[in-house]
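**Student:** Quick one, what's the 3D model for this:
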Amino acid sequence: MATVEITTESFGTTIEDNDIVIVDFWASWCQPCVRFAPTYEAASEKHDDVVFGKVDTEAQQQLAAEANITSIPTLMAFREKVLVFAQPGALNGTQLDSVIDAVKALDMTEVHAAVAAKQAESPAAE
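**Tutor:** All right, here's what the predicted structure looks like:
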């Protein structure tokens with residue numbers, strides 16, 4: 001599966017409608033982003049059960065700000081609508097595969113329970 005462009009308008013539905021979504025926040029002027037692009041594209045071809053999205057931080061400044069992107073490239077992984085990984089910096093192919101495998105291996109029952117417990121503790125839940 002090829003990578004898909006994600007915009008402010010499509011971000012929410014992309015996360016909502018897919019089990020696993022990996023998002024690369026990048027910009028064309030960023031040399032590490034440019035060097036990471038072929039690795040990311042190759043992973044998208046290898047893992048057809050994962051949606052690989054790209055957010056151009058120059059074109060989607062509001063989305064980048066809402067995602068608290070302060071360094072690019074930044075990679076985020078969502079599983080069942082939960083952010084389970086976020087890290088700035090380009091990865092090599094082996095590292096990216098390791099992240100994807102780890103996301104796929106997560107016990108989402110535990111993750112959802114931990115999220116629910118954290119939300120119950122927050123003052124906003126009262």
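**Student:** The helix ranked longest in the chain: which residues count as buried?
**Tutor:** For the chain, the helix with the greatest residue count under DSSP state H is helix 31-46. The neighbour-count check on helix 31-46 (16 or more other C-beta atoms under 10 Å) flags 33, 36-37, 39-40, 43-44 as buried. From N, CA and C alone the C-beta is placed, and that goes for glycine too.
**Student:** And stretch 88-108, by the same measure?
**Tutor:** Neighbour-count burial for stretch 88-108, counted by 16+ other C-beta under 10 Å, picks out 90-91, 96-97, 99-100, 103, 106.
**Student:** Pass me the low-pLDDT residue ranges in the chain, would you?
**Tutor:** 1, 124-126 (pLDDT under 70).
**Student:** quick one, helices of it?
**Tutor:** Counting by DSSP H, the helices of the chain are 8-17, 31-46, 61-66, 93-105, 108-121.
**Student:** How about the contacts made by the residue sitting nearest the centre point of the chain?
**Tutor:** For the chain, the residue sitting closest to the mean C-alpha position, by C-alpha atoms, centre = their mean, is M76 at 2.6 Å. Listed by C-beta atoms under 8 Å, 6 or more residues apart in numbering, the contact set of M76 reads 22-23, 25, 67, 83, 85-86.
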